[in-house]
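> how would this look folded up:
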Amino acid sequence: MAYTVEQAEIRGLDIDKMIKGFALTTYVFKSMVTVSSTSGDSIRWYQETAADLTLVSPSKFETSPLSQFETAEVSWTRNTSYPKKYAVEGTISREDIKGADIDVLARTILRLTRAVVKQVDSRIYDVMSDTQGTGSAGVGTGAATGDGWDDTTNGNPVIDIMKGLQNIAENDYDTSGCIVAMDPNNYTDLLNYLITVKGSSIPQFASDKVQTGVVGTLLGCKLVVSNNVVADSVYVGLPAKSTTWKSFEDIHAETENILGKGTRIAVWENGEAILTDPKASYVITDTNT
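This next block holds a predicted model:
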């Protein structure tokens, strides 16, 4: 059966719905961070100082009856960020629309959507991991034990993850709900360590609703596998607490008819990630030899 240009599947509204449907099943980190909207061309936000409150003089909070209370001040760092637009387009010929299998349309939409989603998710990961633990924003960081997770003699991924959880807990964050995000290579190293080196069972698979990217649980943390995690590093943290995606415009699609040639499909998203609580994150570096 031939498909015509006027059929429902090629109309902009339906394509926009397909884009949003594909995106929901593709986002990894956007689905884990806090999402809120912004309408301005700049985002003013505040990063609270993570250190506990202290008194200058006296140095104790202890006081006697009817004494005047000492004053402690909370401090913030004011920041300004700007929404970024991630966009891509593709064209489907009239010949493909009229005569080819409808998968041509569906695959084009899927690939365009993935291209934008990958860029958005990569940006979110870069922010919440402080660009893989540079330390400039205060995210905790530490090198993996031994020569990394593929070091079957001296490496110890479990200890590395526990150190990350310890660092987050020492900064007064409840570590329940933490994730451990890694690339496929480090996930293989982790399973090899648990099963081959230590003879443990495969980590428990999450019993709740399956979330994109989540492959199991370990030490009470969800294990997340994504190619957006930069190689040679593993993230431990609380994305919903540490990071917010400020959405200027959600993922969207529009079509344009090119006379005699076909249909152009454009997909874009506009927003920016901000790191409000850097101490709710920890990056394990040098995870591979």
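> Let's see the longest strand seen in the chain as CSV, backbone CA atoms only.
Secondary structure assigned by DSSP state E gives strand 243-258 as the longest strand of the chain. Taking Å, rounded to 0.1, in the frame of the first residue of the first chain, the C-alpha atoms of strand 243-258 are listed here in CSV:
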residue,chain,number,x,y,z
THR,A,243,21.0,19.2,39.7
THR,A,244,18.1,21.0,38.1
TRP,A,245,17.3,21.2,34.4
LYS,A,246,15.8,24.6,33.7
SER,A,247,13.7,24.1,30.6
PHE,A,248,13.2,27.1,28.3
GLU,A,249,11.4,25.0,25.7
ASP,A,250,10.8,21.2,25.9
ILE,A,251,11.7,18.9,23.1
HIS,A,252,9.6,19.9,20.1
ALA,A,253,9.3,19.2,16.4
GLU,A,254,7.9,21.0,13.3
THR,A,255,7.7,20.1,9.7
GLU,A,256,8.1,22.0,6.5
ASN,A,257,6.9,20.9,3.1
ILE,A,258,9.5,21.4,0.3
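> Quick check: Gly213 touching Ser226?
Yes: at 5.2 Å, Gly213 counts as touching Ser226 under the criterion of C-beta atoms under 8 Å. C-betas here are computed from N, CA, C, even on glycine.
> surely Val234 meets Gly155?
No: contact status for Val234 versus Gly155: not in contact, 11.9 Å apart, counting by C-beta under 8 Å.
> ok, those two, which is more surrounded?
Taking other C-beta atoms under 10 Å, Val234 and Gly155 do not tie; Val234 has more neighbours (29 against 21).
> just how off-centre is the helix or strand in which the more buried one is found within its chain?
Using DSSP states H and E, Val234 sits within strand 233-237. Put simply, strand 233-237 sits 11 Å off its chain's centre (C-alpha atoms, centre = their mean, to the nearest Å).
> how about the helices in this structure?
Secondary structure of the chain (DSSP state H): helices located at 12-24, 94-99, 103-128, 130-133, 157-170, 184-192, 239-242.
> Any buried residues in the fifth one, and which?
What it means is helix 157-170. Pro157, Asp160, Ile161, Lys163, Gly164, Leu165, Asn167, Ile168 (16 or more other C-beta atoms under 10 Å).
> got JSON lines for those residues, with distance to Leu190 and pLDDT too?
Shown next, in JSON lines, are the buried residues of helix 157-170 (distance: C-beta to C-beta, whole Å; pLDDT from 0 to 100):
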{"residue": "Pro157", "distance to Leu190": "5", "pLDDT": "95"}
{"residue": "Asp160", "distance to Leu190": "10", "pLDDT": "97"}
{"residue": "Ile161", "distance to Leu190": "9", "pLDDT": "96"}
{"residue": "Lys163", "distance to Leu190": "15", "pLDDT": "96"}
{"residue": "Gly164", "distance to Leu190": "13", "pLDDT": "96"}
{"residue": "Leu165", "distance to Leu190": "15", "pLDDT": "97"}
{"residue": "Asn167", "distance to Leu190": "19", "pLDDT": "94"}
{"residue": "Ile168", "distance to Leu190": "19", "pLDDT": "94"}
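> Going by distance to Trp149, which of these wins?
Pro157 (4.9 Å; C-beta to C-beta).
> ok, now which ones touch the closest one?
Contacts of Pro157 were listed using C-beta atoms under 8 Å, 6 or more residues apart in numbering, and they are Ala144, Trp149, Asp189, Leu190, Tyr193, Leu194, Val234, Thr287.
> and which of those is nearest to Ile274?
Looking across the contacts of Pro157 and measuring by C-beta to C-beta, the closest to Ile274 is Val234, at 22.5 Å.
> so what sits against both of Gly213 and Ser226?
In contact with both Gly213 and Ser226: Val28, Phe29, Ala181, using C-beta under 8 Å, 6+ apart.
> Just the pLDDT at the closest residue to Glu256 other than its chain neighbours, thanks.
Distances taken as C-beta to C-beta, 6 or more residues apart in numbering place Arg264 nearest to Glu256, at 4.5 Å, with adjacent residues excluded. Among the per-residue scores, Arg264 shows a pLDDT of 88.
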